Every structure is written in C-alpha cells, then in structure tokens.
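Q: sequence below, structure please.
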Amino acid sequence: GFEFIPAPGITVVSGKNGIGKTTILEAAYLLCQGFSFRSRALEELIPWNAPEMLLRGDFDSGASASMRAVLLNRSGRVVVKKDGEECDRLSSFFGMAPAVVMEPSDIELVRGAPEMRRRYLDEILCFRRAQNADTLRRFRRVLRERNQWLRQNRLRSGSAVGGEDLLQVLTRQLVDLSAKIWMERTALVAEISGILSGYYAELSAGADGIACAYRSSVFSASEDLSADVFRAKYLEKLDSLESSER
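A: Numbers count the residues shown, from 1 in each chain. Got it, this is the predicted structure:
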C-alpha cells in the first residue's frame, strides 16, 4: 500500500520516469471526478502484477469532511463507496471536489477536433450544475439508441425494431436534449469570452485582443438563440440529412 498526504499550499512531486508520479495525480483525479484523465478503461488502472486495486481518499475542506473508496478487480467488478455508503457508479463522485488537469496535450483544445472543445465545455457545465451531467448522460443514451436504430434499419432493409414511430420519438428526444445543451454551452462561452479577453490582455500587455464564440453548423450566431428556434432549425437540419443518415 501507499499513503500520500499533501501539505497545505503547493505540492511538487518529482522523481525519475516510471516511478508513479502521474499515478498519484490519476488516483486523486479519479476520486474527485469519478474517471481517469488517461484512460476510460478502468481495468487499465490496476497494476499489471496485482489482481485488484483499492483506492481510498479522505477529503477535508475545513467546513466538511468525506471519505471515498473504489475497489477494482480484473473480473470487471467495481465497488464504489462514499462516506461508507455504496454508490451505483463512479460518476457519483463527480462535481463535489472539482479537479483540473493541465498537460501539454491541452493544446489540442485549439488545434484538435471540435469534439475536444465540446468535451471541455461539457465538463465545465457539469461543475456548474449537477443537472447538466444528467442531461448529457440522457443525450448520449438517446443518440446511441437512435444510431442503433439507423444501423438496424439499414441491415434489415427498413424493418428496425420499433419502426418509424420509435425513430420519431428518439429524434424528438434528441432535439429537446440538444436544445438544453446548446443553451448551456452558448451561455458558458459568452462568460468564458470575457474572462479570456481579460487574461489575454494581461499576458499581451494590451498589444491585441482575443475572443471566443460558439459556431454551429445548424444556424449562424447572428440568429435568435432561443431554444424554440434551435429546435425548429435542428429538425430542419435532420430532415435534410434523412436520406444520408439512413
């Protein structure tokens, strides 16, 4: 076993390659966020020469204290506990003790695909309000079910389970959830833009300016950003893509 207790203030962990510096950060991040910043496969977190991994963390903010624990084994069993109570999943940890990782690959926020930037925004949204995490989980589930319907419909020559009625229901759910996420993202970007401009002005000594905006393929930023308009535009977009989706 290994115990790590950071002191108040800034803690620097140094040492040779491969001795476990990043593992300490990953363990802390997993207990804070409920997932790893390096891998989505939980079994990869177990040491290669061990049958299981037990991770425990005690959190003390001064005003309150809590304990979290995770048990993983190679058979896929996951036991999650928070303050002695067993939880359904690791995501139960999310948002209570936010952690932020900064690493060289963060440059992909600028250079990488739009998916990277959306994921970054969505993580912040979950910090802001727990309801956003639930909305994103429902969105991903509906998107997955709708894509599965489209695959079945293609493979079975137009006879997917649930028929056309199911596709319409899933499409309506997808549009409604997308509208909620869109409104949250655009509001967040508007807030980030002002913060970004302020910090950049300090770094550049006022030499130039910078701003960020949310660009959509559904409609332009100059249009009304109400949820109702978004739903209507998104449905039009899906209708135009119906043949290619099928």
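Q: and residue 212, what does it touch?
A: Shown in contact with residue 212 (Cβ atoms under 8 Å, 6 or more residues apart in numbering): 189, 192, 193, 196. Yep, even glycine has a C-beta here, placed from its N, CA and C like the rest.
Q: any idea how many residues pack against the first one?
A: Which is residue 189. Around residue 189 sit 18 other residues, with neighbours defined as other Cβ atoms under 10 Å.
Q: which pLDDT value goes with the most far-flung residue of the chain relative to its centre?
A: Relative to the mean C-alpha coordinate of the chain, counting by Cα atoms, centre = their mean, the farthest residue is residue 157 (35.3 Å). With respect to pLDDT, residue 157 scores 76.
Q: and it, how close does it get to residue 166?
A: Distance of residue 157 to residue 166, given as Cβ to Cβ, to the nearest Å: 17 Å.
Q: low-scoring stretches of this protein, by residue?
A: 219-225 (pLDDT under 70).
Q: rewinding a little: pick the one among the contacts of residue 212 closest to residue 62.
A: Checking the contacts of residue 212 against residue 62 with Cβ to Cβ, the nearest one is residue 192 at 29.0 Å.
Q: count of neighbours near that closest one?
A: Using other Cβ under 10 Å, residue 192 has 17 other residues around it.
Q: which residue ranges of the protein form strands?
A: In the chain, the strands defined using DSSP state E lie at 52-60, 65-73, 78-82, 85-87.
Q: quick one, which of those is packed in tightest?
A: Burial of the strands of the chain is given as mean neighbour count (mean count of other Cβ atoms under 10 Å); strand 65-73 ranks first at a mean of 17.
Q: so what strands line up beside it?
A: In the sheet, strand 65-73 lines up against strand 52-60 (antiparallel), strand 78-82 (antiparallel) (DSSP bridges).
Q: would CSV of the ones you listed with distance to residue 116 be doable?
A: Output for these, formatted as CSV (distance: least, Cβ to Cβ, whole Å):
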stretch, distance to residue 116
strand 52-60, 27
strand 78-82, 27
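Q: nearest to residue 234, of these?
A: Closest approach to residue 234 among the strands paired with strand 65-73 is made by strand 78-82 (35.9 Å; Cβ to Cβ).
Q: center of the protein - which residue?
A: By Cα atoms, centre = their mean, the most central residue of the chain is residue 123, 4.3 Å off.
Q: can you map out the helices along the protein?
A: Along the chain, counting by DSSP state H, helices occupy 21-33, 108-111, 114-128, 130-155, 163-203, 227-240, 242-245.
Q: turn these into TSV, columns for distance to residue 13.
A: Below are the helices of the chain laid out as TSV (distance: least, Cβ to Cβ, whole Å):
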stretch	distance to residue 13
helix 21-33	5
helix 108-111	24
helix 114-128	24
helix 130-155	30
helix 163-203	27
helix 227-240	45
helix 242-245	49
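Q: deepest in the core, which of those is it.
A: helix 21-33 (a mean of 18).
Q: pull the residues that contact that helix.
A: Outside helix 21-33, the residues that touch it by Cβ under 8 Å, 6+ apart are 4, 13-15, 36-38, 45, 55, 57, 59, 68, 70, 90, 93-94, 96-99, 101.
Q: if we go to 7 Å?
A: For helix 21-33, the external contacting residues (Cβ atoms under 7 Å, 6 or more residues apart in numbering) are 4, 13, 15, 36-38, 55, 57, 68, 70, 93-94, 97-99, 101.
Q: filter those to the buried ones?
A: Neighbour-count burial (16 or more other Cβ atoms under 10 Å) is assigned, among the contacts of helix 21-33, to 36, 38, 57, 68, 70, 93, 94.
Q: save those as TSV, and put in distance to residue 25 too.
A: Formatted as TSV, the buried ones among the contacts of helix 21-33 follow (distance: Cβ to Cβ, whole Å):
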residue	distance to residue 25
36	10
38	9
57	13
68	16
70	16
93	16
94	17
